[in-house]
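Visitor: sequence and computational prediction follow.
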Amino acid sequence: MTTLFRMSLGGFLLACLLLATQCKDGDVIQDPTLYERLGGITAISAVVDQFLANVVADDAINARFAATVADPARTQLLRNNLIDQVCAGAGGPCQYKGKTMKEAHTGMNITTDEFNALVADLVAALDKFNVPAKEKDELLGILGPMQPDIVGQ
């Protein structure tokens, strides 16, 4: 486990312990959101940064991102949109402000193989940060339904 993830997890567990000791009879403690279980914005940002590094290194799809990588402003916009999209999808406080997936990918004719390569790059980023299987599967379950709006458009 990375230090960042352990620190986030440790802080989260401490907060849970403090909350549990302050509850009165009958109080209901809500389960933590996926956003909280992932470690919040800092951990999500680290995963997105690794994901983007994986994509840039992936010869199966990196040509699709060449123009974005060549332009620092476009790269930053993509990074911010990805962070917001994961954060919002996971129940965090972020709001995704980018285009719909269909709008963003229309005319690109992305193949299923390219989509799968992108997912593999995300999984590799999640694995690098030792994201537990439950959270990884939950996140992929949120992002996976976007495939029809991306592939073949």
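Guide: Good, I have the coordinates. Numbering: from 1, shown residues only.
Visitor: pretty sure Gln95 is touching Gln85, no?
Guide: No - under the criterion of C-beta atoms under 8 Å, Gln95 makes no contact with Gln85, lying 9.8 Å away. C-beta: built from backbone N, CA, C; applies to glycine.
Visitor: just give the nearest non-adjacent residue to the residue most central in space within the chain, would you?
Guide: Here the mean C-alpha position of the chain is nearest to the C-alpha of Val86 (C-alpha atoms, centre = their mean), at a distance of 4.0 Å. If you skip the residues right next to it in sequence, Val86 has Ile44 as its closest partner in space, 5.2 Å away by C-beta to C-beta, 6 or more residues apart in numbering.
Visitor: likewise Ala67?
Guide: Computed as C-beta to C-beta, 6+ apart, the closest residue to Ala67 that is not its neighbour in sequence is Arg74, at 7.2 Å.
Visitor: and the one you found, how far from His105?
Guide: Note on Arg74: its distance to His105, by C-beta to C-beta, to the nearest Å, is 15 Å.
Visitor: so for these two, which sits in the more crowded spot?
Guide: When Arg74 is set against His105 and neighbours are counted by other C-beta atoms under 10 Å, the residue ahead is His105, at 18 against 13.
Visitor: please report the distance of the more buried one from Gln153.
Guide: The span separating His105 from Gln153 equals 5 Å under the rule C-beta to C-beta.
Visitor: check whether the residue nearest to Ala67 really touches Thr68, as I assumed.
Guide: Yes - with the criterion set as C-beta under 8 Å, Arg74 and Thr68 qualify as a contacting pair; they are 4.5 Å apart.
Visitor: perfect, I'm done here.
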